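Participant: sequence plus the predicted model coming up.
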Amino acid sequence: MKTSFSEAIRSARRLTTCAAAALLVATGTIGASAQERDKVTIGYAISKSGPNAGGADMTVTPNYELWIEEVNAAGGLKLPDGSQLPIEVIAYDDRSSAEEVVRAVERLATQDEVDFILPPWGTGFNLAVAPLMAKFGYPHLAGAAVTDKAPEFVKRWDTSYWFMGGSVDYVDAFTEILVAEREAGRINDKIAMVSVADGFGIDLVKAARPSFEEAGFDISYDKTFPPETSDFATILSEAANSEADTFVAFSYPPHTFALTKQAKVASFSPPVFYLGVGAGFPVYPNIAGGSVEGVMSLGGIDPNNELNSTYRAKHEEVIGRAPDYWGSVLIYASLQMLEQTIERVGLDKQAIAEELSTGTFSTVLGEETRLEDNQLRAINWVGQWQDGQFVAVSPEGGNGLAAVKLPKPDWE
Amino acid sequence: MKTSYAFALAGAALVVLALAPMFIPEYWTGVLLGMTGYVTLATAWALFSGPTRYVSLATVAFFGVGAYTVAVLNEVMPYPLVLLCAAGIGMVMALVVGLSTLRLAGVYFVIFTFGLAELVRQTVSWWEVNVTYTMGRYVFLPFEGRHIYWQLLALAALTFLIAWAMGRSRIGLALKALGDDETVASHAGVDVTRIKLLLFVISSTIITLVGAIQAPRWTYIEPSIVFNPTVSFMTLIMALLGGAMRLWGPLVGAVPLFLLFEWLSVSFPDHFSIILGLLFILIVFVMPNGVLAKIDDLRKGGRA
Amino acid sequence: MLEHVVNGLVLGGTYALVAMGLTIQYGIARIMNLSFGDTIIAACFATYVLFTSLSISPILALLILVPSGYALSNVVYRVIMKPLVARAPDEGALEVDSILVTFGLLFVIQGILLYLFGGGYTSYSFFNTPINVLGTVVAGNRLLALVLSLMIGAALVIILFRTRWGMILRAVALAPKSAPLFGIDTDRAARTAFAIGGAIAATGGVVISMFQTFTATAGVVFTMKALIVVILGGKGSVPGAIVAGLLLGLVETFVAAYVDPGLTLAAVYTVFLLLLLVRPNGIFGKA
């Protein structure tokens, strides 16, 4: 017993030394003091593998890479004294596991001692790391996290910033469009709604039920489906039987794509066809196999905003594909805000946190982007495919938004 | 070796481990925490699967139920009571599952336990979505990494104590017979079913507690986070690597594997899967019966 | 009602198709292949590349990928599985070894796919045309899966029960220890069975990629679904795999239509667990 135990301890110690040594080699930054700093280290843990990799790979990781490449190409991060420091990156894979992401952030903070930590993908993982980010004093620019509790979270962790709004925002903006359409006599007052049974879907559906009902709609079909679902033929036929003119699915990309393909096969084309994540991906029309005119979803862009068009072109050039039409631009804007904050106040985390809360920034979202109570509110809530672009819409249009075009034309 | 001597050594190791968070950086506390979690899971797993040779993939079913219990109850009752509740739920669930499944054998038991984990996850999801209308719960308990680590360490020590006591008791003898030949054991007057059930319940309760103790670390909990099938696979691999039939086997498997995973994800974040897979294949070829058996073999070979 | 039967059968066709490959590998070659689903995903990606970069239609891709699946599995068996089979003292030991080694293989395939394609969602559109079956409109690509699985299933049954080769394979499945006494080359038989399984996995991958969104890490979902079908149908039983696959499709569809789409998978696992308790050797399994 004794020998095996000491054997274990010995092998553990050996491996520990290995790991520590590898860490030193991998980062090579430990020990660099502030006076002689020649770079800024930025670390992040993101789902490169596992079920979350699909979302992270679309919305988050490419924007981190794009931004870092742009900053370094321009000579590095600007500091208040006019000097520039290049960014060095430490990127880990959290393997879509909550325990991994927590430990990776601990590692970034206490082992690698990075200057800034960029957040992981997803509401759950952002919440998992939020207490650590607050404890170690890093500003937490929670990008890919939709939550109605953001106003509470900014009180709990006063250096957290939330960039994607809450479910109620998305749903209320959509309800407004539905009410206008009903008043115009283009749709009836029935809604068929399905949602994926995980945090994202349920959060939205919980906001949607009261919002639709208060507006006088009758939710005639209201079901959830497990995330592993791959066949929607039955769900679609039940939704069609419910005689609703509005079909809403709070879905993830695999479901969004399957719903679209199967709706086309079944010639199910209600006047309002609203889907979840994935409908705002640039590959969506290809996957659907043709025109997706009139399909609605979360997000959307203003095609006349030049800042945004430049960003999209640059993204395509550097990453090799276009960004999605919802989260990407918000994540990128959060990075621009960080960059400008550092230029104004330097690398002190406390000063950065204050500047992020109070400052006004020039980002891809507009010349005057600012946070309200540590939350970004200038978000496009509802988008629609119009002439091959996924544009942000409102009932009447205006203010950077296009007028919604309903009813949706039939599938080709 | 003398038992008292071994106990003193284990006690000393325990004290050193318990004091470690005072001296090491936060990250290494996190590593110790994760490692202790897996050591406990693997040892508890081997408690049942070692002697009975039932390969269970239900680990995450119990682990997840433990974590979820904390998520549901942490705001309505004091924490120790929550842990008790979690243990109780795990125990009842293990009884029900054990009574209905322990007559399955071989791969059927493997698949059954995997199916069970998925069934629990699906049912919890459906319940949350359709009955309580909440998906994703928050655990705001004032615990830092080291607090969770200490709890896990205590549970690990307890698990080892149980495993050690089992090995020495009359049940232990029965277990040896059971592992060797179930039919013979039952003819020799060993109540096979009762012993198997007892082991399953003890093992599952410990696993449930590991999940419950670790839950506060993630702040936010939803079924896809706590019912992650990787937990079952990791536990199984660690126990098998070390040798599920020995008291220290799972520990010897869990510690190096955990550190290896950690090292791989630090050094090769983009090639983690490939290297991990190749190592796995290598392990099967080089030490099919676990590390401890390999060490024994080498020692015998050295003497001969 | 009829509509749900048609939809259920079409869905079940996919399950049956992938499960047949696994049941042959497990039943005849006695390899519990946990990397089966990742083989399917690899075929999905291969089809995607052939279709989008070389404009080779997925139907033609079958002609390329099915033989490749056969050849690659053959090599995998020679290199990795054969030594394990040779050293295993009994069937139980081989089972554990094959679970562990294919678990490693799963990570290798997954890692290579992640390295090549990243973790993102991949999907394309092909043969997504409405076809009317008994008054129900179903997608052409999904119907193709059902038709293929019935055709492959029929072919396999004929081979297994009507040819000498089939008899040899069945003999190896039944009595791997005594088959060599009758001059049967068990190694070759097992290798062939394993490779046939790989070819069926490739077929499944090509067809599934036409309608389903896939990611590099989605393989385990297919493995588990296939495993359930295999166990339900009885290990090594091709007709069992088809019946069990179609049955699961029907259960999912009927639960979605009449109970709640949220409970489809819970229902599948319940049916599975109950059947396992009542008939531990599967629907078509030997008692």
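Facilitator: Good, I have the coordinates.
Participant: show me what the helix or strand hosting A:Val391 is packed against.
Facilitator: Using DSSP states H and E, A:Val391 sits in strand A:389-394. Here strand A:389-394 touches helix A:167-183, strand A:382-386, strand A:402-403, going by 3 or more C-beta pairs under 8 Å, 6 or more residues apart in numbering or on different chains; DSSP states H and E. (Each C-beta comes from the backbone N, C-alpha and C, glycine too.)
Participant: what does the shortest one contact?
Facilitator: Identification of contacts with strand A:402-403 by C-beta atoms under 8 Å, 6 or more residues apart in numbering or on different chains yields A:Asp302, A:Pro303, A:Gln384, A:Gln386, A:Val391, A:Ala392, A:Val393, A:Ser394, A:Pro395, A:Glu396, A:Gly397.
Participant: pull out the buried members of the residues you listed.
Facilitator: Buried subset of these (neighbour count, 16 or more other C-beta atoms under 10 Å in any protein chain shown): A:Asp302, A:Pro303, A:Gln384, A:Gln386, A:Val391, A:Ala392, A:Val393, A:Ser394, A:Pro395.
Participant: pop out the phi and psi values for the second one.
Facilitator: Backbone torsions for A:Pro303, taken as degrees, to the nearest 10, come to phi -60, psi -20.
Participant: what's the nearest residue to it if we skip its chain neighbours?
Facilitator: A:Gln389 (5.2 Å; C-beta to C-beta, 6 or more residues apart in numbering or on different chains).
Participant: separation between the one you found and chain C?
Facilitator: 20 Å (C-beta to the nearest C-beta, to the nearest Å).
Participant: before we move on, the earlier item: JSON lines for the buried ones among the contacts of strand A:402-403, including pLDDT?
Facilitator: Shown next, in JSON lines, are the buried ones among the contacts of strand A:402-403 (pLDDT from 0 to 100):
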{"residue": "A:Asp302", "pLDDT": "91"}
{"residue": "A:Pro303", "pLDDT": "90"}
{"residue": "A:Gln384", "pLDDT": "97"}
{"residue": "A:Gln386", "pLDDT": "95"}
{"residue": "A:Val391", "pLDDT": "95"}
{"residue": "A:Ala392", "pLDDT": "95"}
{"residue": "A:Val393", "pLDDT": "96"}
{"residue": "A:Ser394", "pLDDT": "94"}
{"residue": "A:Pro395", "pLDDT": "93"}
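Participant: just flag the most distant two among the residues you listed.
Facilitator: A:Pro303 and A:Pro395 (18.6 Å; C-beta to C-beta).
Participant: C:Met1: neighbour count?
Facilitator: By other C-beta atoms under 10 Å in any protein chain shown, the residues close to C:Met1 number 8.
Participant: what's the answer for A:Pro210, then?
Facilitator: Neighbour tally, A:Pro210, other C-beta under 10 Å: 12.
Participant: low-confidence bits of the chain, can you list those?
Facilitator: Assuming you mean chain A. A:1-36 (pLDDT under 70).
Participant: wrong chain, I was asking about chain B
Facilitator: B:1-2, B:176-182, B:185, B:188-190, B:301-304.
Participant: which ones are touching residue 118?
Facilitator: Using chain A here. A:Ile42, A:Gly43, A:Tyr44, A:Tyr64, A:Leu141, A:Leu335.
Participant: correction: the question concerned chain C.
Facilitator: A:Ala53, A:Asp57, C:Ala216.
Participant: can you pull out the strands in the stretch 201-350 of chain A?
Facilitator: Counting by DSSP state E, counting those that start in this stretch, residue ranges of the strands within the stretch 201-350 of chain A are A:218-225, A:246-250, A:272-274, A:296-298.
Participant: make that the stretch 101-250 of chain C, sorry
Facilitator: Per DSSP E, counting those that start in this stretch, the stretch 101-250 of chain C carries strands over the ranges C:130-133, C:136-139.
Participant: also the stretch 151-300 of chain B?
Facilitator: B:220-221.
Participant: who in it is up against chain A?
Facilitator: Proximity of the stretch 151-300 of chain B to chain A, by C-beta under 8 Å from any C-beta of the partner chain, involves residues B:214, B:217-226, B:228, B:230, B:246-248, B:251-252, B:255-256, B:259-260, B:262-263, B:265-267, B:269-270, B:272-273, B:292, B:295.
Participant: is chain B contacted by stretch A:211-221?
Facilitator: No. Using C-beta under 8 Å from any C-beta, stretch A:211-221 stays clear of chain B, with a minimum separation of 13.8 Å.
Participant: for that stretch, list the C-alpha coordinates in CSV.
Facilitator: The C-alpha trace of stretch A:211-221 is given here as CSV (Å, rounded to 0.1, in the frame of the first residue of the first chain):
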residue,chain,number,x,y,z
SER,A,211,-45.4,39.0,-24.2
PHE,A,212,-47.5,37.3,-26.8
GLU,A,213,-50.5,36.8,-24.5
GLU,A,214,-50.5,40.3,-23.2
ALA,A,215,-50.6,41.5,-26.8
GLY,A,216,-53.7,39.4,-27.2
PHE,A,217,-52.2,36.5,-29.2
ASP,A,218,-53.3,32.9,-28.7
ILE,A,219,-50.4,30.4,-28.5
SER,A,220,-52.1,27.5,-30.2
TYR,A,221,-49.1,25.2,-30.3
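Participant: still on that earlier bit, okay, the helices and strands packed on strand A:389-394, which one's buried deepest?
Facilitator: Neighbour counts (mean count of other C-beta atoms under 10 Å in any protein chain shown) averaged over each of these peak at strand A:382-386, with a mean of 24.
Participant: pretty sure A:Ser291 sits against A:Pro285.
Facilitator: Yes. Here A:Ser291 reaches A:Pro285: they are 6.9 Å apart, a contact under C-beta atoms under 8 Å.
Participant: which strands and helices sit next to the host helix or strand of C:Leu276?
Facilitator: Using DSSP H and E, C:Leu276 sits in helix C:264-278. Judged by 3+ C-beta pairs under 8 Å, 6+ apart, helix C:264-278 is in contact with helix B:107-127, helix C:219-233, helix C:238-254.
Participant: mind listing what's buried along stretch B:62-76?
Facilitator: For stretch B:62-76, by 16+ other C-beta under 10 Å, it's B:62-74.
Participant: return the subset of those residues lying in strands.
Facilitator: Applying DSSP state E to the buried residues of stretch B:62-76, no entry is found in strands.
Participant: could those go into a markdown table alongside distance to A:Glu317?
Facilitator: A markdown table is the format used below for the buried residues of stretch B:62-76 (distance: C-beta to C-beta, whole Å):
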| residue | distance to A:Glu317 |
| --- | --- |
| B:Phe62 | 50 |
| B:Phe63 | 46 |
| B:Gly64 | 44 |
| B:Val65 | 49 |
| B:Gly66 | 49 |
| B:Ala67 | 44 |
| B:Tyr68 | 46 |
| B:Thr69 | 51 |
| B:Val70 | 48 |
| B:Ala71 | 45 |
| B:Val72 | 49 |
| B:Leu73 | 52 |
| B:Asn74 | 49 |
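Participant: nearest to C:Thr52, of the residues you listed?
Facilitator: Distances from C:Thr52 to the buried residues of stretch B:62-76, taken by C-beta to C-beta, are shortest for B:Gly64, at 38.8 Å.
Participant: ok, now which ones touch A:Val194?
Facilitator: A:Tyr221, A:Asp222, A:Lys223, A:Thr224, A:Phe225, A:Ile235, A:Ala239, A:Val248, A:Ala249, A:Phe250, A:Ser251, C:Pro261.
Participant: would JSON lines of the residues you listed with neighbour count be doable?
Facilitator: Output for the contacts of A:Val194, formatted as JSON lines (neighbours: other C-beta atoms under 10 Å in any protein chain shown):
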{"residue": "A:Tyr221", "neighbour count": "19"}
{"residue": "A:Asp222", "neighbour count": "17"}
{"residue": "A:Lys223", "neighbour count": "20"}
{"residue": "A:Thr224", "neighbour count": "26"}
{"residue": "A:Phe225", "neighbour count": "26"}
{"residue": "A:Ile235", "neighbour count": "24"}
{"residue": "A:Ala239", "neighbour count": "27"}
{"residue": "A:Val248", "neighbour count": "29"}
{"residue": "A:Ala249", "neighbour count": "27"}
{"residue": "A:Phe250", "neighbour count": "29"}
{"residue": "A:Ser251", "neighbour count": "29"}
{"residue": "C:Pro261", "neighbour count": "22"}
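Participant: with that, I have no additional questions.
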